[in-house]
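> sequence unknown, structure follows:
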């Protein structure tokens, strides 16, 4: 019989610390959401502390009527979906190749990939490279320079190395190729690590603002993060004829755009969280 867990007095500091961490983590999220739904006058007065005061959807209506916000949001979705799909595909296939012990350049390429984690050419060479490749002011300037992360590649390779080699040998006995081994055996068994890659790359592309700031001067290609940065720093939000004072619109729009920028990632995480811990541990420990 399993003994019931008993309360241990020494756990009290841990419980208190956990509760404080939860409070400090959730309060900013609750505060921003409450500000985005409160009446604009309360937002300007800064008298909202926890729950919304009044109820207003005017900020979200302004966002739906603002073509710049919608275009920026659509750009962010494109960068995230296309970038994450390309990054996950290339990382998984490259990691599979590097995990094969018979590959004669396995050690050399693994060493070169590891060195990129510690040695970088810097921003100026990267900027020149993007220009020389005619990627400046194109969508691919945000995707191609960051398409593979060395850290993600290493944990994915380690995950593949942890899978039984006997399964690959059985496929080859039946006449299968390495491509068959990867697509029919390794990838279907790699949901944990694939979920980790989707989360890492997806969050990276979604939150990216420095690369677009450097490589995208065309406002039609800029993501929502640059628009959010502009209104948070300069408070330049165009009026959309909703009958509100310009100052009220600026304040209300800030919080509403923050909610819209964070909401998709917050929704995505719970669905892949069950694979996340397993994938990181298996990929990193080995």
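On my side now, so go ahead. Owing to the predicted nature of the structure, the values given are computational and were not obtained by experimental measurement.
> which regions of the stretch 1-150 of the chain lie under the pLDDT threshold?
Along the stretch 1-150 of the chain, segments meeting pLDDT under 70 span 1-7.
> now the helices for it?
Along the stretch 1-150 of the chain, the segments classed as helices by DSSP state H, counting those that start in this stretch run 12-37, 40-45, 58-65, 67-99, 106-115, 123-132, 140-143, 150-162.
> what's the angle from the first one to helix 58-65?
Counting by axes from the mean of the first three to the mean of the last three CA atoms, to 10 degrees, helix 12-37 points 60 degrees away from the direction of helix 58-65.
> Report the buried residues of helix 12-37.
For helix 12-37, a neighbour-count test (16 or more other CB atoms under 10 Å) marks 33-37 as buried. Where you see a C-beta, it was placed from the backbone N, CA and C, and this is true even at glycine.
> Residue 128: which of those is nearest?
Checking those against residue 128 with CB to CB, the nearest one is residue 36 at 41.4 Å.
> thought residue 43 was touching residue 253?
No. Judged on CB atoms under 8 Å, residue 43 makes no contact with residue 253 at a distance of 10.0 Å.
> Distance check, residue 251 against residue 262.
Residue 251 sits at a distance of 18 Å from residue 262 (criterion: CB to CB, to the nearest Å).
> more crowded one of these two?
Neighbours per residue (other CB atoms under 10 Å) separate residue 251 from residue 262, with residue 251 holding more: 22 against 16.
> Please name the residues that touch the more buried one.
Listed by CB atoms under 8 Å, 6 or more residues apart in numbering, the contact partners of residue 251 are 40, 43-44.
> Repeat the analysis, applying 6 Å as the threshold.
Taking CB atoms under 6 Å, 6 or more residues apart in numbering, we find residue 251 in contact with 43-44.
> Going by secondary structure, it is in what exactly?
For residue 251, the element it lies in under DSSP states H and E is helix 246-285.
> Could you list the low-confidence segments of the stretch 151-286 of the chain?
Along the stretch 151-286 of the chain, the parts satisfying pLDDT under 70 run over 234-249, 272-286.
> let's go with 80 and repeat that
The model of the stretch 151-286 of the chain has pLDDT under 80 over residues 164-165, 168, 171-176, 230-253, 265-286.
> Can you tell me the closest non-neighbouring residue to the spatially most central residue of the chain?
Centroid-nearest residue in the chain: residue 203, 0.3 Å away (criterion: CA atoms, centre = their mean). Sequence neighbours aside, residue 265 is the residue nearest to residue 203 in space, at 5.8 Å (criterion: CB to CB, 6 or more residues apart in numbering).
> Right, I'll call it a day here.
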